[in-house]
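Student: Need a 3D model of the sequence below.
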Amino acid sequence: MRSAWRTLDSATLRAVVVMSLSVLVIGTSYGVAAHGAGLALWQIVLIATVVLAGSSEFVFVGILAAGGIPILAALAGLLVNTRNFGYGLAIGKHLRGTPEIMLGAHLINDETTALATAESDPRRARAAFLLCGVGVLVSWPLGAALGATLGGVVADPARLGLDAAFPALLAALAIPALRDGATWAAVTVGAAVAVASTPFLPAGLPIMGALAGFAAVEAVRRLRTTTSSASDQSRTSAGDDAPRRNMLEHSSARSTR
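Tutor: Residues are numbered from 1 along each chain as shown. Okay, here's the model as predicted:
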């Protein structure tokens with residue numbers, strides 16, 4: 001892990017620290033909400049450590065608070081967390097060996113993926129992912145414990161505005177990746193799908209729908225590549241046939257003479 005620290009520059013290290021502190025703050029909000037839903041301190045900390053996925057935990061707690069049964073709340077949280085499958089496809093290629101892949105499967109979330117995918121070098125992406133993952137693994141349960149302790153004092157965590165701080169941080173991390181037109185097109189389509197589906201889908205699922213942006217751009221890219229390849233092949237074939245046509249024309253001219 002020490003070598004991982006040497007791989008990253010100061011800007012990325014600061015981003016890991018800021019991300020971990022932000023997770024601590026949001027974890028506090030989750031702890032307050034979970035306490036209000038009737039969960040005990042040990043249950044709150046255990047869920048935060050084992051699940052380690054903020055959105056699914058908020059969904060779980062929200063359903064419990066609304067009077068839903070725990071099994072349905074767990075299934076809803078699991079459904080929201082299926083977006084991690086896409087994250088795994090992006091992160092798995094940077095990890096080394098089965099033990100690290102198993103650890104990475106637990107550390108995959110919005111924050112670690114955002115930091116890792118912002119790095120163009122595979123070694124730096126791996127280091128950013130692991131270091132941020134450890135930071136989240138410590139700060140999220142710690143924030144949940146702090147929030148559960150303070151649950152009796154802060155009745156409505158939404159009044160603190162903590163729910164807006166985290167999306168703002170993720171947006172700041174994503175902005176540097178918008179360097180080309182294809183990425184902008186994918187973001188535009190994905191954002192439109194997410195916003196349009198938000199009133200109709202449970203929390204977390206519009207993020208899954210946003211992947212349609214990348215799918216659409218990839219489909220267009222492949223279509224253009226196929227069309228270009230077919231055009232090149234057609235030009236090549238035409239070029240290969242030119243000498244043959246010239247020979248036939250020359251033979252025809254000699255026969256005429």
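
Student: alpha carbons only for contacts and neighbour counts from here, please
Tutor: Will do.

Student: what about the helices in the stretch 101-250 of the chain?
Tutor: 110-117, 122-149, 162-174, 181-197, 205-256 (DSSP state H, counting those that start in this stretch).

Student: Which strands and helices lie in contact with the shortest one?
Tutor: Looking back up the chat, that one is helix 110-117. When contacts are defined as 3 or more C-alpha pairs under 8 Å, 6 or more residues apart in numbering; DSSP states H and E, helix 110-117 packs onto helix 10-36, helix 84-91, helix 122-149, helix 162-174.

Student: before we move on, back to that, for the helices of the stretch 101-250 of the chain, which has the smallest mean pLDDT value?
Tutor: Here those differ in mean pLDDT, and the lowest is helix 162-174 at a mean of 58.

Student: Quickly compare the helices and strands packed on helix 110-117 and say which is most buried.
Tutor: Of those, the one with the most neighbours on average (mean count of other C-alpha atoms under 10 Å) is helix 122-149, at a mean of 24.

Student: Serialize the helices and strands packed on helix 110-117 to CSV and add fields for distance to residue 110.
Tutor: Listed next are these as CSV, based on distance: least, C-alpha to C-alpha, whole Å:
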stretch, distance to residue 110
helix 10-36, 11
helix 84-91, 8
helix 122-149, 10
helix 162-174, 8
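
Student: Now for the closest residue in space to residue 186 that isn't next to it in sequence: which residues touch it?
Tutor: Excluding its sequence neighbours, the residue lying closest to residue 186 (C-alpha to C-alpha, 6 or more residues apart in numbering) is residue 213, at 4.3 Å. Taking C-alpha atoms under 8 Å, 6 or more residues apart in numbering, we find residue 213 in contact with 185-191, 193.

Student: Got a PyMOL select line for the buried ones in those?
Tutor: Only the buried entries of the contacts of residue 213 go into this PyMOL selection, using 16 or more other C-alpha atoms under 10 Å:
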select buried, resi 185+186+187+189+190+191+193
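
Student: quick one: which of the helices and strands packed on helix 110-117 is nearest residue 219?
Tutor: helix 84-91 (17.1 Å; C-alpha to C-alpha).

Student: can you give me the angle the closest one makes with helix 110-117?
Tutor: Angle of helix 84-91 versus helix 110-117, following axes from the mean of the first three to the mean of the last three C-alpha atoms, to 10 degrees, is 20 degrees.

Student: quick one, helix 84-91 and helix 122-149 angle?
Tutor: Using the same axes, to 10 degrees: helix 84-91 against helix 122-149 is 150 degrees.

Student: and helix 84-91, what other elements does it pack with?
Tutor: Using 3+ C-alpha pairs under 8 Å, 6+ apart, helix 84-91 sits against helix 110-117.

Student: Pull out the buried positions in the helix it packs on.
Tutor: 111-117.

Student: Can you tell me which of those residues is closest to residue 135?
Tutor: residue 112 (9.3 Å).

Student: In space, what's closest to that closest one - neighbours in sequence excluded?
Tutor: Nearest non-adjacent residue to residue 112 (C-alpha to C-alpha, 6+ apart): residue 129, at 5.1 Å.
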